[in-house]
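Whatever this is, show me its structure:
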Amino acid sequence: MDAQTIKSILNERAEDFVRWLFPGGKKNGREWLIGSLSGEAGKSLSICIGGSKVGVFKDFATGDRGANLLELFMQARRVPFKEARQACAEWMGVSLATAARPLTAPIPQPAVVAPRRGCKPSDVYQCTDEDWAVAEKMIETLISDAVLCERIAMMRGWKPETIVQLAQERYLGWQGDNLCFLYDTGAKLRRWRTKGEKVIWWAFGKPFIWRSEWLKRAQTIYICEGEPDCISLVDCGIEHDGATRAIATPSASTFDESWAPLFEDKYVILAFDNDKAGEAATARVSSILRSSARSLKKLDWEGLRHASGG
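Predicted coordinates:
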C-alpha cells in the first residue's frame, strides 16, 4: 500500500486517528486542539479533521506545521517515513502488502447518483497549496493578535471570543487592514471605510457558502445574507444547542440552485435583510429549497434583537 492510499484512509478516519494519537485533545468544530506535538493539553496545535483541508495542522506557538496526517504522526512520534507508514497501516488494520483498504470483505453499495454540479466545494474551486498557505497566514495573524480581535469586536459589536472561535474554525482571518472571510473555496476580503462604505474582493477562489462544512452535521440551519450577519447570530448564542448552525451566502443574489441537496431534510431559517434585495433573496431561496428542506421559516431580526438584549 502506497503512502497516498494511507493518507486517504487516514483522512476518512481523521477524528478517530487524532483521538488515538492525542487523547488529551479536544474537538472544536472541525478542528482537534492540543497543546503541542508532545500531546499535552492545550489549544496551540490545531489539526483539521474535516472538510477540504482535512489533515492540515499548525502549531501557532512553535510554527510546526504539515499538510497531512501521516506527516503529523512522523513529527509527533519523531520517526522516519518508513516507520510512520508501517505504524499507521497497523493502526488502520491493513497490510502494506495489500492494496485492499479494509481486511474484511467489501460490502455491496447501492448505486450512487452523481451530485449536481456545484453542490460540493471542489465543484466550485479547488484551492491550491499556495492558496492554503495564504489562508493560514491570515488565520495566524488574527489568532495571535488579541488587541486586533478586541478592536474588531468593538468596531462590529461582537465578542472577541467569537472572533477567535471563527478563526480557530478556519473561517476568519486578517490581512493588512482587511477582515478575511475564509471559504472552503477561497478567501473573500472586506474593508469598511468611513460612513459604513465597504469594499469587497476575492484574494483567491470563488463564492460558495461560508461555513459550509457545518451543513453536514447541523439539523437547523440559519442562512444569512453575508458573513457579518452570520457572525452576529453566532455571537448571540444561536449555536449553543450544538445542532444549530449559522451559515452565510456571499451576497443576497448569490445562491445556486445546485446547492439545494446540501439542505436536504434540514430545518432552514432564512435570515436575509429586511430590504428589497433581502426580500427578493428570501423568495428566490425559498423556491429553490422548498422541495429539499424539511421546513422553511423567516427570521424576525427585530424580535431576535430584543430577545438577546441588543
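
Within the helices and strands, which one has residue 130?
Using DSSP states H and E, residue 130 sits in helix 129-143.

and that helix, C-alpha only, in PDB?
Taking Å, rounded to 0.1, in the frame of the first residue of the first chain, the C-alpha atoms of helix 129-143 are listed here in PDB:
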ATOM      1  CA  ASP A 129      -1.300  24.600  -1.600                       C
ATOM      2  CA  GLU A 130      -0.300  28.200  -2.200                       C
ATOM      3  CA  ASP A 131      -3.900  29.400  -1.500                       C
ATOM      4  CA  TRP A 132      -4.000  27.400   1.800                       C
ATOM      5  CA  ALA A 133      -0.600  28.900   2.800                       C
ATOM      6  CA  VAL A 134      -2.000  32.400   2.300                       C
ATOM      7  CA  ALA A 135      -5.200  31.400   4.300                       C
ATOM      8  CA  GLU A 136      -3.100  30.000   7.100                       C
ATOM      9  CA  LYS A 137      -1.200  33.300   7.400                       C
ATOM     10  CA  MET A 138      -4.500  35.200   7.500                       C
ATOM     11  CA  ILE A 139      -5.700  33.000  10.400                       C
ATOM     12  CA  GLU A 140      -2.400  33.100  12.300                       C
ATOM     13  CA  THR A 141      -2.400  36.900  12.100                       C
ATOM     14  CA  LEU A 142      -5.800  37.200  13.600                       C
ATOM     15  CA  ILE A 143      -5.500  34.500  16.300                       C
END
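
how far does that helix sit from the chain's center?
How far helix 129-143 lies from its chain's middle: 14 Å, per Cα atoms, centre = their mean, to the nearest Å.

Point out the other elements, helices or strands, that that helix touches.
helix 146-156, helix 160-168, strand 172-175, strand 178-183, strand 186-192, strand 198-205 (3 or more Cβ pairs under 8 Å, 6 or more residues apart in numbering; DSSP states H and E). C-beta: built from backbone N, CA, C; applies to glycine.

mind running it again at 6 Å?
helix 160-168, strand 172-175 (3 or more Cβ pairs under 6 Å, 6 or more residues apart in numbering; DSSP states H and E).

Give me the contacts around the last one.
The reference is to strand 172-175. The contact list for strand 172-175 (Cβ atoms under 6 Å, 6 or more residues apart in numbering) reads 138-139, 141-142, 166, 180, 182.

most surrounded residue in these?
The most neighbours of any of those, using other Cβ atoms under 10 Å, belong to residue 182, which has 28 neighbours.

Can you point out the buried residues in stretch 233-252?
Applying a neighbour-count criterion of 16 or more other Cβ atoms under 10 Å, the buried positions in stretch 233-252 are 233-236, 238-239, 244-250, 252.

Kindly report the same for stretch 25-45.
Buried residues in stretch 25-45, counted by 16+ other Cβ under 10 Å: 25, 29-37, 42-45.

Straight-line length of that stretch, end to end?
Terminal residues of stretch 25-45 are spaced 9 Å apart (Cα to Cα, to the nearest Å).

List of residues touching that stretch?
So stretch 25-45 is contacted by 18, 22, 24, 46-47, 49-51, 59-61, 64, 75-76, 168-169, 213 (Cβ under 6 Å, 6+ apart).

Out of those, name the ones that lie in helices.
Secondary structure defined by DSSP state H assigns 18, 75-76, 168 of the contacts of stretch 25-45 to helices.

Of those residues, which qualify as buried by neighbour count?
Applying 16+ other Cβ under 10 Å to the ones in helices among the contacts of stretch 25-45 flags 18, 76, 168 as buried.

Name the SS class of the nearest residue to the first one once chain neighbours are set aside, please.
Pointing back at residue 18 there. Using Cβ to Cβ, 6 or more residues apart in numbering and skipping residues adjacent in sequence, the residue nearest residue 18 is residue 32, 4.3 Å away. Reduced to three states with DSSP: H, G, I helix; E, B strand; the rest coil, the structure at residue 32 is strand.

Specify the beta-bridge partners of residue 32.
residue 27, residue 47 (DSSP bridges).

Domain-wise, how is this protein divided?
3-92, 121-205, 212-307 (automatic domain parsing).

In CSV, list those domains along with mean pLDDT.
Formatted as CSV, the domains of the chain follow (pLDDT from 0 to 100):
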stretch, mean pLDDT
domain 3-92, 89
domain 121-205, 90
domain 212-307, 90
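
rewinding a little: can you list contacts of the helix holding residue 130?
Under Cβ under 6 Å, 6+ apart, the answer for helix 129-143 is 60, 167, 173-175, 180, 182, 187, 204.
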